[in-house]
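>>> got a structure for you, letters missing:
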């Protein structure tokens, strides 16, 4: 579905054009065309391929989807794949944005995500002195916008970990903590898969040989790279804490059970002693003088209570109960 | 066994030739010969070595088999080893494909795998504008085809992990989960051994000094490299999740036992109390007034039941039962 | 809030100036201006941006805060972010210091930390032969001062680990040790996040292409880099020891419980034997000759005591009690 | 002990010479001398040092022994240390081979291993077209032979792991499995110490600046390097599986004990119920009508059996027994 | 404290000089001065700084102490910090040696270690052909001597691990093994902190751009580097084994307890059965024909013994006892 098709000249919007006119404008070197597609059909993609002379392998990737984030040069043009990650009702939704960039065009293909790039377009149009950099600035603005969307996701996961940590040393929570931590780990992996390859790809725009298209944009892409490094660092430290958290909770999980078993064993000992005494006075020896003693019974029961009381207090003291 | 022996000129098939004619065609610089062998005898290999002037060390590797995936330059020719991995009835079958490539020949040797490369040949022949690139394109097409076969294997392993994860926090599954996870780990290692060295080898065709044979094929090999990186990333994250999964299940496995022990200890306590009471009223003291009380027996039994009932409810409440 | 605004010439203080005069002095190439801000408002920042012609992305970072430590070149100027870490009452407080450096100005922005840089200014002014190096020396002096503040934090964490280690093999401490170790781990991560990116950034001033501004300062930045490496090394080894410490304590935590259960089971056995004997002599067979034997009862009780005494000693010997 | 001292010219053996003649032949640039020593005395070594003008540090290393595998250049000569690893009766024996190579000599010193290099010499002499490469080819042949000896060792360790894996989920094997896995780990470390530094050293003959001596041998050393990489990869994956194996078995080891404890607790419950019933009917209340009922006793015993039978079946069903 | 102050010319000792004469000799380019200090006061250090024109940062480091091992260039001079590690009565003592090297001087500062470098001086003076290399050779000789002192420490730690390993699978040793392993880990970390940074520093003298001072010494520093790599490798493998050792012992530690609990539960079952039988024959039913049977009592006791005997044998067989 075609969302937008606009021509820009010298940092300013010339106007919306029908896609049939792309051909005309693409030939003019003084302006660039910005096309936004949403879940395009194969036909639409092939049409764009013809218009912008896109490389067959890039189009193949875009039509297949499920690519890892990357940034590839095809001659003088770039092909970028970025993941759009959203935390909705506790679940992560991953969409994919493919961006084709040439010297005078930019084509964004959005798949599986409802959030568009109206705000990016608005920002670009409001800063003509930057938009004058051409399609590379739009590429930066798009990636920057998507990367900025990672921050709330990351904060969501961070506060989830904190929630779990608060329940750490409480009783009977170890089992549900582990389930929560395992679930958190899966989410972190998803975010990591969006962030790490993109960081690596952006790093190449900053460090090594920079594609001609992006010259002069060095500080902008470094800014994105820096954001990605920050996210990467935080992901790694959540992962690190969480590994320890799982380990600690696994140690705790059995503890609850063994602790109860210990207490029950303690109570068993407390019951066993009077049982033994009762057993002794149930013996049938003829000659047991206590049997005839008048207060034997109450004294015997009192002794049972006294022994158990002492035992109870002692067990409490040495933490056996 | 000779599967195929075909000559191509300018991207089009000239025709099948008997292997005796290879000599003739190999001398013509305007065409290339594509030979496919299946589990060849040593004689066949040595014949090919003479025809194509293959390096002795490469032929030695091919005849020994059990090579790790690699891509080696011998002067102006290349020698590639690729693993063909298939998931059949839950088991992984690993075959080996050795590919010798020179400026005007390509020789593929398939060992231990039933799946041939008819489809690759068909694809190549249907795209003469690409096949015109010569033997390097066939090399790409072969590797690409094998790499594409890794995806279903990977998906199989991924969905196996998901299956196990669903059973994670169910009772009495920990032990079988661990067996399944250990088995999954072994399969992942096998796939990893096929993927990682190949990724490394392909990376050299993309990054560093590219063998002369492959110049102009950069974007195609980068595509394969990208696929391999994607597979590699997924393998690593399955491995990561699975390490945690094993750890979690190992924590769970003892839990089932200790939990039952705890419950049995609870029941033991419930039985011990009336046993103690019965013991007391089995004592033989002469002076125990209760003995003569008419309703002593039913009251005593009722007391036993009442105490145990209360204990049961209390144990249930504090989760000791 | 403007803390300070001073002009220096040839390593000596010319005098405090109002911020309105910055414009004038910034144009003179023979002196440099050193401005210190504390939690400035956006307006103050924007004013400084205009005065010193700061790059918009750097100012954006400074106004947003929560940056990771870094050192970025913008043309001929540098932008540094450094974390100020303080250990107060057992908690870590992290402040942020942003430093903008140009050939003849240095602007430090301090956020979220009460500790200022009076001592740094004093040190610089007392060493005119060094201050003559200009703004780069002030940059060094600021970073050096902040890095020196990491050492007491690190020592605090180290001695915390030692405290915990001393309690390691004591009874009933495993649980609180784990809580303490988890807390220590979180603090270490915070310090690590301050140190590692800064080390990486400083490393670039030592190893690779050095920004023009910092030429001649190589040995000074190497000194800071060396300090950071030392801190980094110590953090890593605390982390390493602490991972093992958590593992060991998790092993110990269950041990206390199972050990008590074992002892209680031992006592249960000691009680069960005389109970059995008493049970036997409670049987109602007519023909039990012991019943009529005069000393049967005391002998029986003596036997019970003897058996239990022997059992007790034996259990002690084989460490079952 | 001098094993061999032979002169080669143009790839062919000229003949054995006494070591006194080494001096003479070493001066002729058209032939090379191949000397093999077995556990030489210091005198023998010093004699060779004089003959071949070996570097003092290399000779020192050779006389001390216990070197890590390495490959060092001394001017125009090379000094290699390689470990010979043998699996004999389940134990690993590590010998050391030091090789001094110059343009026209090769001196191998074998220490602590009985296996000589007769087969290497035979192979070299049977391939004069390769031996013509001179001493560097002999170096390759020696290293290649030793590396080939690693494969059976590796296979031995692999099949040991498989043996252990087969016993994994069997009862009562966890303890001996762990002993076996720990022992396997020690062996793997020994092999790893032989393989990894050698791989690294050989990698330098393939990748970086190649010593003049070895020019033209690139493909041969790459072949050795490839073998070492294969071994390295397999070692790493055995190590990986084995870490998991130890973890799994440690989880299993306690399981056996807790499982038995659980079952015994189950049986205790089954015995406790009739004990309670018997206790009740041992009470001495005057008014217990059952006492006089004629069939009370058999009915009571039948009830005990019935209850226990039901309990047994139920415990079996819920896997408590 | 000044230990020594000697002038050397052309590899031979000219004679001891008072420190006041250093000035004179330092100006002559044909000889070099070797000064050794032991725990110098700040004044002594500052005097040396003036004599040898040492860099202020290096002197600062030397006066503060507690540096990590390193090797820094200051113009044409070098500053090295090396840790001297000694294993005394089972404890590690770490001293620090700082070495300042210039073209014609070498100044060693020894702090916190009693072992001096008399033997190094003796070795140097006995090899004039090597000492002729000048101060760089003395630097090598000092570092080499300190590195050689690491070997006995390492062997001590290795044999400690072996001692612990021998006690691995013995009963009741797990707890003390863990304490010993934790202690060993701390010692290893200390040694690692001495070795790793020094290895890294020495590596730069071998690999990259070599400081002018050290040219011609390449093979000597490579020898030290090689020793450090060997130590590093051994430390890493001790660490690896020890991680597994801790894991295994932690698994074992609980095992001892649960095993005893299991056995006690087994004995409880053995006692419970005759207790039940005795209970049954303690019932007061009027009509229990066994009561009147003459041999009922011995038969009953015999049955108890028979049942328990059978149970005991069976439990032994299935390893429940």
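It's in. What you see is a predicted model; the values in this text were computed from it and never measured. Numbers count the residues shown, from 1 in each chain, chains lettered A, B, ... in the order given.
>>> ok, residue A:185 touching residue B:243?
No. The criterion here is C-beta atoms under 8 Å, and residue A:185 misses it with residue B:243 at 10.4 Å. All C-beta atoms are positioned from the backbone trio N, CA, C, and that covers glycine.
>>> Which one of these two is surrounded by more residues?
residue A:185 (22 against 17; other C-beta atoms under 10 Å in any protein chain shown).
>>> What parts of the stretch 1-150 of chain A come near chain B?
A:55, A:57, A:61, A:67, A:68, A:70, A:72, A:74 (C-beta under 8 Å from any C-beta of the partner chain).
>>> Does the helix or strand encompassing residue A:237 reach chain B?
Using DSSP states H and E, residue A:237 maps to helix A:218-280. Yes. Contact of helix A:218-280 with chain B (C-beta under 8 Å from any C-beta) involves A:243, A:246-247, A:250, A:253-254, A:257-258, A:260-261, A:264-265, A:267-268, A:271-272, A:274-275, A:278-279.
>>> Can I have the buried ones of the residues you listed as a PyMOL selection?
Here is the PyMOL command that selects the buried residues among those (16 or more other C-beta atoms under 10 Å in any protein chain shown):
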select buried, chain A and resi 243+246+247+250+253+254+257+258+260+261+264+265+267+268+271+272+274+275+278+279
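>>> Intersect the residues of helix A:218-280 next to chain B with the contacts of chain C.
Within the residues of helix A:218-280 next to chain B, those near chain C by C-beta under 8 Å from any C-beta are A:247, A:250, A:254, A:258, A:261, A:265, A:268, A:272, A:275, A:279.
>>> And the helices in the stretch 51-200 of chain A?
In the stretch 51-200 of chain A, the helices defined using DSSP state H, counting those that start in this stretch lie at A:56-64, A:118-126, A:128-131, A:135-148, A:150-166, A:174-206.
>>> closest to residue B:9 out of these?
Ranking those by their distance to residue B:9 (criterion: C-beta to C-beta) puts helix A:56-64 first, at 23.7 Å.
>>> Provide the contact partners of the closest one at residue level.
A:42, A:45-46, A:49, A:67, A:72, A:74, A:79, A:81, A:98, A:100, A:109, B:219-220, B:223 (C-beta atoms under 8 Å, 6 or more residues apart in numbering or on different chains).
>>> Could you do stretch A:257-273 as well?
Against stretch A:257-273 from outside (C-beta under 8 Å, 6+ apart): A:304, A:307-308, A:311-312, A:315, A:320-321, B:255, B:258-259, B:261-262, B:265-266, B:268-269, B:272-273, B:275-276, B:320, C:254, C:257-258, C:260-261, C:264-265, C:267-268, C:271-272, C:275.
>>> Indicate the residue of the stretch 201-321 of chain A located nearest to chain D.
When distances are taken as C-beta to the nearest C-beta, the stretch 201-321 of chain A reaches nearest to chain D at residue A:282, 6.7 Å away.
>>> who in the stretch 201-321 of chain A is up against chain D?
Counting by C-beta under 8 Å from any C-beta, the residues of the stretch 201-321 of chain A near chain D are residue A:282.
>>> quick revisit: would CSV of the residues of the stretch 1-150 of chain A next to chain B with pLDDT, neighbour count and distance to residue D:238 be doable?
Listed next are the residues of the stretch 1-150 of chain A next to chain B as CSV, based on pLDDT from 0 to 100; neighbours: other C-beta atoms under 10 Å in any protein chain shown; distance: C-beta to C-beta, whole Å:
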residue, pLDDT, neighbour count, distance to residue D:238
A:55, 92, 19, 43
A:57, 91, 16, 38
A:61, 90, 20, 37
A:67, 89, 18, 34
A:68, 91, 21, 30
A:70, 94, 19, 34
A:72, 92, 19, 37
A:74, 91, 18, 42
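>>> which residues sit in contact with residue A:219?
By C-beta under 8 Å, 6+ apart, the neighbours of residue A:219 are C:55, C:57, C:72, C:74.
>>> what's the answer for residue A:198, then?
With contacts defined as C-beta under 8 Å, 6+ apart, residue A:198 is in contact with A:69, A:70, A:71, A:82, A:83, A:143, A:147, A:228.
>>> Now rank the residues you listed by neighbours and give me the top one.
That'd be residue A:143 among those, by other C-beta under 10 Å, with 27 neighbours.
>>> I'd like the distance between it and chain E.
Note on residue A:143: its distance to chain E, by C-beta to the nearest C-beta, to the nearest Å, is 37 Å.
>>> Which residue comes closest to that residue once chain neighbours are left out?
Spatial nearest neighbour of residue A:143, chain neighbours left out: residue A:224 (5.6 Å); criterion: C-beta to C-beta, 6 or more residues apart in numbering or on different chains.
>>> my guess is residue A:186 contacts residue B:240, does it?
No. Using C-beta under 8 Å, residue A:186 makes no contact with residue B:240, being 10.1 Å away.
>>> Identify the residues contacting the residue in the stretch 101-250 of chain A that chain E sits nearest to.
Sorted by distance to chain E under C-beta to the nearest C-beta, the residues of the stretch 101-250 of chain A start with residue A:247, at 11.9 Å. Taking C-beta under 8 Å, 6+ apart, we find residue A:247 in contact with B:247, C:246, C:247, C:250.
>>> Nearest to residue B:177, out of the residues of the stretch 1-150 of chain A next to chain B: which one, please.
For the residues of the stretch 1-150 of chain A next to chain B, the nearest to residue B:177 is residue A:68 (29.1 Å; C-beta to C-beta).
>>> roughly how far apart are the residue of the stretch 151-300 of chain A found nearest chain E and residue C:280?
Relative to chain E, the nearest point of the stretch 151-300 of chain A is residue A:282 (6.7 Å; C-beta to the nearest C-beta). To residue C:280, residue A:282 is 11 Å away according to C-beta to C-beta, to the nearest Å.
>>> and chain A, which residues reach chain E?
Counting by C-beta under 8 Å from any C-beta, the residues of chain A close to chain E are residue A:282.
>>> Quick check: which ranges of chain A have low pLDDT?
Of all residues in chain A, none has pLDDT under 70.
>>> Now do the same contact list for the residue positioned nearest the centre of it.
Of all residues in chain A, the one closest to the mean position by C-alpha atoms, centre = their mean is residue A:188, 3.1 Å from it. The contact partners of residue A:188, by C-beta under 8 Å, 6+ apart, come to A:157, A:235, A:238, A:239, A:242.
>>> Isn't residue A:129 up against residue A:11?
Yes. Using C-beta under 8 Å, residue A:129 makes contact with residue A:11 at a distance of 6.4 Å.
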